[in-house]
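**Q** below are the sequence and a predicted model for it; my questions follow.
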Amino acid sequence: MSMRIDPNQIEEQNTALQAALREDYDALGRTLARAGIDIEAITIQAAAFEVAVPSWGVGTGGTRFARFPGPGEPVDVFDKLDDCAVINDLSRLTSSISPHFPWDAVDDFGALLEKSASLGLTWDSINSNTFQDQPGQAHSYKYGSLSHTDEATREQAIAHNLQCIEWGQQLGSDTLTVWVGDGSNHPGQSHFQRAFERYLDSMRVIYAALPDGWEVHIEHKMFEPAFYSTVIQDWGSNVLAAMELGERAKSLVDLGHHAPNCNIEMIVSRLIQFKKLGGFHFNDSKYGDDDLDSGAIHPYQMFLVFNELVDADYRKQEGFGPRYLLDQSHNVTDPIESLMNSAIEVQRAFVKALLVDRPALEGFQDDNDALMASNTLKAAFNTDVSPILAMARQRQGGAIDPIATYRASGYREQVAKERPDSGGSGSGIV
Ligand code: AFD
Ligand code: MN
Ligand code: MN
């Protein structure tokens, strides 16, 4: 059974908050006008912003120690769609979903497509999974997949990616994202060059099978599950692979997949410059691939990433058009709440980056005025754009306060009654 938040309920909640929002919006409008910025133009761009939700993000995540399931967890991809619809109905930011196969594979893709369309949702990048063994699988991925030393295992991993493309075509997607867990745990275990060559050979087969209009996005990750080396360890290996494969192979930047303190915004700039920025997995991180909620730890870093993105758009950089996706694991919060919050935080970084006075910044850069250049960025970052985000949501039928409206709706309590307890507390990083 599917349950959708009643638009009247959203409207009712909004009515109570409307007057205060109008006041805050008008006050911010006057402040921005003094800097020559038209708040309406910014609100229109804020409303057009979108970030896709990962299908695996609506279930409760876990660590390798334990998982503590929440009430009313989605049982299958149809349930996941219901949860995604709530996130989008309230936030108006997440109308597309990035599925993960085989987790989200179904017998009848027509039924899945019908349901997503009825909820106003579409399908973004397809994620393949060769980091786990599936029941009945002939060859194990314990020692790798696309880069495995054994040819039959590599072929099995290639075939899975080709299958993912086919499923993705049925859903109207146009991108395959490939992240492999391949790597080594011990120095000497794996020959770096030979493993990378095998990976490239496998990816060439996948690349050759891309349908017209499709891209493949490669995701790098510094460590985990392999703890000594990974085959696509960093953006260097990533972009080398993408360059080797061809124009339609690009790099995907997951914010949690770098060494601590890494200058991610500079990596983003390099990828933009060479037309290799495929997209993002947004999340936040304190130590590693923590998959914390976007903006929870380093909001300034996310703003600086968006500063590069907005700058590329402002300069009309050729071949620029990355995909924006969330990739998070919610271990102690209600995933629906975390995903709404996170989508809004990503949008917030984007909107703040729109406020940067770019001609002034360029002038300060040319004059080597480091202090004023930095202050120009800070002026945008320090502006509270919340009224713009709330106004954009409301105008599209979303909630001024999505968390409060969600809690008032009783959605979680309702699905907890309808969906069987997911039970158990087995471990597992998603
Ligand atoms: C894992 C990886 C990576 C990937 C995701 C989906 O760390 O972030 O995007 O699985 O395949 O969490
Ligand atoms: Mn990711
Ligand atoms: Mn990750």
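**A** Cool, got the structure. Numbers count the residues shown, from 1 in each chain. Ligands and ions are numbered 1, 2, ... in the order given.

**Q** from what I see, residue 102 and residue 134 are in contact.
**A** Yes: contact criterion CB atoms under 8 Å: residue 102 and residue 134 qualify, at 6.0 Å. For the C-beta atoms, the positions are set from N, CA and C on the backbone; glycine is no exception.

**Q** these two: who's more crowded?
**A** A direct count of neighbours by other CB atoms under 10 Å for residue 102 and residue 134 places residue 102 higher, at 16 against 12.

**Q** quick one, grab the pLDDT at the more buried one.
**A** Per-residue confidence (pLDDT) for residue 102: 97.

**Q** how far away is it from residue 180?
**A** For residue 102, the distance to residue 180 equals 15 Å [CB to CB, to the nearest Å].

**Q** next: residue 20.
**A** Using CB to CB, residue 20 is found at 49 Å from residue 180.

**Q** more neighbours: which of these two?
**A** Taking neighbours as other CB under 10 Å, residue 20 and residue 180 compare with residue 180 leading, 27 against 12.

**Q** tell me the secondary structure at the more buried one.
**A** Here residue 180 is recorded as coil under DSSP: H, G, I helix; E, B strand; the rest coil.

**Q** which ones are touching it?
**A** For residue 180, the contact set (CB atoms under 8 Å, 6 or more residues apart in numbering) comprises 130-131, 144-147, 157, 199, 231-232.

**Q** out of these, which end up buried?
**A** 130, 144-147, 157, 199, 231-232 (16 or more other CB atoms under 10 Å).

**Q** let's have the residues you listed in JSON lines, adding distance to residue 69, secondary structure and pLDDT.
**A** Formatted as JSON lines, these follow (distance: CB to CB, whole Å; DSSP: H, G, I helix; E, B strand; the rest coil; pLDDT from 0 to 100):
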{"residue": "130", "distance to residue 69": "26", "secondary structure": "coil", "pLDDT": "98"}
{"residue": "144", "distance to residue 69": "31", "secondary structure": "coil", "pLDDT": "98"}
{"residue": "145", "distance to residue 69": "28", "secondary structure": "coil", "pLDDT": "98"}
{"residue": "146", "distance to residue 69": "32", "secondary structure": "coil", "pLDDT": "99"}
{"residue": "147", "distance to residue 69": "34", "secondary structure": "coil", "pLDDT": "99"}
{"residue": "157", "distance to residue 69": "30", "secondary structure": "helix", "pLDDT": "98"}
{"residue": "199", "distance to residue 69": "35", "secondary structure": "helix", "pLDDT": "99"}
{"residue": "231", "distance to residue 69": "33", "secondary structure": "coil", "pLDDT": "98"}
{"residue": "232", "distance to residue 69": "31", "secondary structure": "coil", "pLDDT": "98"}
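
**Q** tabulate those (a markdown table), appending distance to ligand 2.
**A** Shown next, in a markdown table, are these (distance: CB to the ion, whole Å):
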| residue | distance to ligand 2 |
| --- | --- |
| 130 | 15 |
| 144 | 19 |
| 145 | 16 |
| 146 | 17 |
| 147 | 19 |
| 157 | 18 |
| 199 | 18 |
| 231 | 16 |
| 232 | 12 |
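
**Q** and those residues, which is closest to ligand 1?
**A** Nearest to ligand 1 among those is residue 130, at 9.7 Å by CB to the nearest ligand atom.

**Q** nearest spatial neighbour of the closest one, skipping sequence neighbours?
**A** residue 145 (3.5 Å; CB to CB, 6 or more residues apart in numbering).

**Q** ok, residue 339 next?
**A** Spatially, and ignoring its direct neighbours in sequence, residue 339 is nearest to residue 87 (5.0 Å; CB to CB, 6+ apart).

**Q** so what's the one you found up against?
**A** Residue 87 is in contact with 53, 58, 94, 336, 339-340, 343, counting by CB under 8 Å, 6+ apart.

**Q** let me know the closest of these to ligand 2.
**A** Set against ligand 2, the nearest of the contacts of residue 87 by CB to the ion is residue 53 (12.9 Å).

**Q** report how many residues lie close to the closest one.
**A** Counted with other CB under 10 Å, the neighbours of residue 53 add up to 31.

**Q** could you look up the SS state of it?
**A** When the rule is three-state DSSP, residue 53 gets the label strand.

**Q** low-confidence ranges, this protein, go.
**A** 1-2, 424-430 (pLDDT under 70).

**Q** the residue nearest to residue 339 belongs to a helix, doesn't it?
**A** Yes: read with three-state DSSP, residue 87 is one of the residues of a helix.

**Q** where's it relative to residue 411, distance?
**A** Using CB to CB, residue 87 is found at 11 Å from residue 411.

**Q** and residue 123, by the same measure?
**A** Residue 123 is 23 Å from residue 411, by CB to CB.

**Q** swap in residue 365?
**A** 48 Å.

**Q** just residue 182 next, same as before
**A** Distance of residue 182 to residue 411, computed by CB to CB: 39 Å.

**Q** equivalent analysis for residue 385, please.
**A** 27 Å.

**Q** residues near residue 377, how many?
**A** When neighbours are counted by other CB under 10 Å, residue 377 comes out with 20.

**Q** just the one 3 residues further on next, same as before
**A** As a burial measure, the neighbour count of residue 380 was computed by other CB under 10 Å and equals 22.
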